[in-house]
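Student: Here is my input; please provide its structure:
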Amino acid sequence: ISVEEEENDPASILSMVKELIRLRHSYPALEKGEINFFRIYAGEENTDKEYIRAMAFVVYDESDYLLVIANLHEARELQIDVSGLSKIKEINRLYGPELFLERDSVRLHGTFAGQTVYLFELLF
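Tutor: This is a model prediction of the structure:
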């Protein structure tokens, strides 16, 4: 694969790396922020069994809260326990495929693509 081919393909690894570097420069919290991990559960119903093939964490500083969710396995319904962030007013997707997220007072629910990373901006 040539660099020319990669530059002209928005789904290429080169394009992905460029986008992630752009996001890192736009959101300094990604480089220097504090980090907190969240528990993840699999399935459509509330369950207490943690799912270990995905991870979710928030990276934050005085101006930004960014939620990173990585589904390291196949596509599936996941629930992320965000009970410590109950005052979220808005969730904006910054990176990753289109996704419909539902939220209750304790968890975010969505069907996450397999082997994919998502980045969301949280507004309070």
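Student: Stretch 49-63: end-to-end distance?
Tutor: Stretch 49-63 stretches 34 Å from its first residue to its last (C-alpha to C-alpha, to the nearest Å).
Student: quick check, distance from it to the centre of its chain.
Tutor: In terms of C-alpha atoms, centre = their mean, to the nearest Å, the gap separating the centre of stretch 49-63 from the centre of its chain is 8 Å.
Student: Show me what the helix or strand of the chain with the lowest mean pLDDT is packed against.
Tutor: Every helix and strand of the chain was ranked by mean pLDDT, DSSP states H and E. The lowest is helix 3-7, at a mean of 86. Judged by 3 or more C-beta pairs under 8 Å, 6 or more residues apart in numbering; DSSP states H and E, the packing partners of helix 3-7 are helix 13-26. Quick note: C-beta positions are derived from backbone N, CA and C, even for glycine.
Student: what residues does stretch 108-124 touch?
Tutor: Stretch 108-124 is contacted from outside by 23, 27, 44, 54, 58, 64-80, 82, 85, 87-97, 99-103, using C-beta atoms under 8 Å, 6 or more residues apart in numbering.
Student: Show me how far the one helix or strand Val68 maps to is from its chain's centre.
Tutor: Secondary structure from DSSP states H and E places Val68 in strand 65-71. A distance of 3 Å separates the C-alpha centroid of strand 65-71 from that of its chain, computed with C-alpha atoms, centre = their mean.
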